[in-house]
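Colleague: Everything below, folded, please.
(one chain, ligands or ions: 1)
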Amino acid sequence: MLPVYRGVRRSLNVVYLSQVVKRSASGLCSSLTYDEYGDPEKVIKLKEEVIPKPEGKQVLVRMLAATVNPADINTIQGVYAIKPPLPSIPGNEGVGEVIEVGSDVEGDIKPGCRVIPRLNAWGTWRTHALADYGDLIKIPSDIDLAMAATIAVNPGTAYRMLKDFVPLSTGDVVIQNGANSAVGQAVIQIASALGLRTVNVVRDRPGIDELKQKLKDIGATVVVTEGQLRKSEEVNSLPKPSLALNCVSGRSGTEVLRQLSSNGVMVTYGGMSRQPVTVPVGSLIFTNVSLKGFWMTRWNKEHYDHPKRQQMLNDLFELVSHNKLKPPEYSYVPLENYLEAIRNAMPKDGMLSKKQILVFGNGK
Ligand code: NDP
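Modeller: Numbering: from 1, shown residues only. Sure thing, here's the model as predicted:
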């Protein structure tokens, strides 16, 4: 049975599936590639090549789904901290199925199992990939496809920021901006599962009440717009947060910083406003705040096969299995329609649309 892709016409799926079946049968695979940095809509091309054969420690993975995240867009634009050598296949995260293994592959990576890449910038926007088996992490096969495709980067970031910077106990308050982002939604859900309360700051928009309710439905304690933050009675009635998570920077970052309790910590992980972080002098002198940064890529590199990494994934999958962690709203987009995914992932002036997830084959 064909899955129903949200935001994608069913007839299109039928055409797409038949194309994929034909392509696999002909021994060809597809990838999105770019050989110069620039506007993703212009520099990304769809290429075909022969499906490679795994040898030795290699594994052939058939990709099922891959996320389009802001970092992917920025990497293609050439403005991200990592500039992969060109030509390059974009995509930091995604989920695939092992379909063939080389003769020296050991352990639990076997045909039929689902895997996610251990490395960032692995290039997930392709139908097939060869990898050394040690560069893959086996994940449970019964995890919802969208959750599996989006679990590594954003929930991982949320988990680490809640665990690694400030000791938190039940009832403590965490504040964050960009609360409707994929990371923000993961923060809300993981914090709620840990018994923490969250103050969630979002940009004002038409339909703000609906957005507030959505975030409350997944566990947010309070949701306010940037303009409401300072005067909100709901916020002021809570204890001051000891941890602030900054997705946006600029003025929004300064505002959440001002909310911190004495000795509080603000962790900056995003700069969506493209503005620097400005720190009021009083926050440094009188509140003694600390500023930290977090980058999942660095953490993964430093914890490549560290038990903490598997523990984090186990904890996240546990939350998923208890329905306490769900993916953000998303649209599945067939690989051939990659331009649609890219456009929707970089709204020009407007607000965020759904998380774009490229799907390959029928996603099964
Ligand atoms: P999403 O695409 O899910 O969400 C983007 C968020 O940014 C939305 O909340 C959106 O709000 C907000 N936003 C967009 N433009 C602006 C703007 N001009 N001013 C204020 N807010 C804006 O993103 P992700 O959750 O995938 O990523 C969020 C950020 O976190 C990105 O910067 C990403 O690079 C970073 N990140 C960093 C990681 C790290 O390790 N440091 C790991 C993962 C993500 P709105 O609805 O109002 O448009």
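
Colleague: Pro117 reaches Leu136, doesn't it?
Modeller: Yes. Applying Cβ atoms under 8 Å as the test, Pro117 and Leu136 come out as touching, 6.4 Å apart. C-betas here are computed from N, CA, C, even on glycine.

Colleague: For the stretch 51-200 of the chain, what lies in contact range of the ligand?
Modeller: Within the stretch 51-200 of the chain, the residues that sit near the ligand (Cβ under 6 Å from any ligand atom) are Asn69, Pro70, Ala71, Val153, Asn154, Thr157, Gly178, Asn180, Ser181, Ala182, Val183, Gly184.

Colleague: and if we set it to 8 Å?
Modeller: 67, 69-71, 74, 153-154, 156-157, 177-186 (Cβ under 8 Å from any ligand atom).

Colleague: Pull the contacting residues for the residue lying closest to Val95 once chain neighbours are set aside.
Modeller: Using Cβ to Cβ, 6 or more residues apart in numbering and skipping the chain neighbours, the partner closest in space to Val95 is Ala148 (4.0 Å). Going by Cβ atoms under 8 Å, 6 or more residues apart in numbering, Ala148 touches Leu64, Ala65, Val95, Arg114, Ile116, Ile139.

Colleague: Which strand residues bridge the fourth one?
Modeller: Arg114 has the following beta-bridge partners by DSSP bridges: Glu97, Ile139.

Colleague: hang on, isn't it packed against Asp144?
Modeller: No. Arg114 is beyond contact range of Asp144, at 11.4 Å (criterion: Cβ under 8 Å).

Colleague: So which of those two has more stuff around it?
Modeller: Arg114 (20 against 12; other Cβ atoms under 10 Å).

Colleague: Turn the contacts of Ala148 into a markdown table, columns for pLDDT.
Modeller: Below are these laid out as a markdown table (pLDDT from 0 to 100):
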| residue | pLDDT |
| --- | --- |
| Leu64 | 97 |
| Ala65 | 98 |
| Val95 | 98 |
| Arg114 | 98 |
| Ile116 | 97 |
| Ile139 | 97 |
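
Colleague: Pull the most distant pair out of those.
Modeller: Greatest spacing in the contacts of Ala148, by Cβ to Cβ: Ala65 and Ile139 (12.4 Å).

Colleague: Mind listing the shared neighbours of the two?
Modeller: Listed as contacting both Ala65 and Ile139 by Cβ under 8 Å, 6+ apart are Val95, Ala148.

Colleague: Please identify which of those two sits among more neighbours.
Modeller: Ala65 (24 against 19).

Colleague: strand partners of the helix or strand where the more buried one lies, parallel vs antiparallel please.
Modeller: Using DSSP states H and E, Ala65 sits within strand 58-68. Counting by DSSP bridges, the strands paired with strand 58-68 are strand 94-101 (antiparallel), strand 128-132 (antiparallel), strand 355-359 (antiparallel).

Colleague: Skipping adjacent residues, who's closest to the closest residue to the ligand within the stretch 251-364 of the chain in space?
Modeller: In the stretch 251-364 of the chain, the residue that lies nearest the ligand is Gly270 (2.9 Å; Cβ to the nearest ligand atom). In space, Gly270 comes closest to Cys247 once its chain neighbours are excluded; the distance is 4.0 Å by Cβ to Cβ, 6+ apart.

Colleague: wait, that neighbour sits on Asn177?
Modeller: Yes. Look at Cys247 against Asn177 with Cβ under 8 Å: they come within range, at 5.6 Å.

Colleague: May I have the beta-bridge partners of Tyr34?
Modeller: Going by DSSP bridges, Tyr34 forms beta bridges with Ser88.
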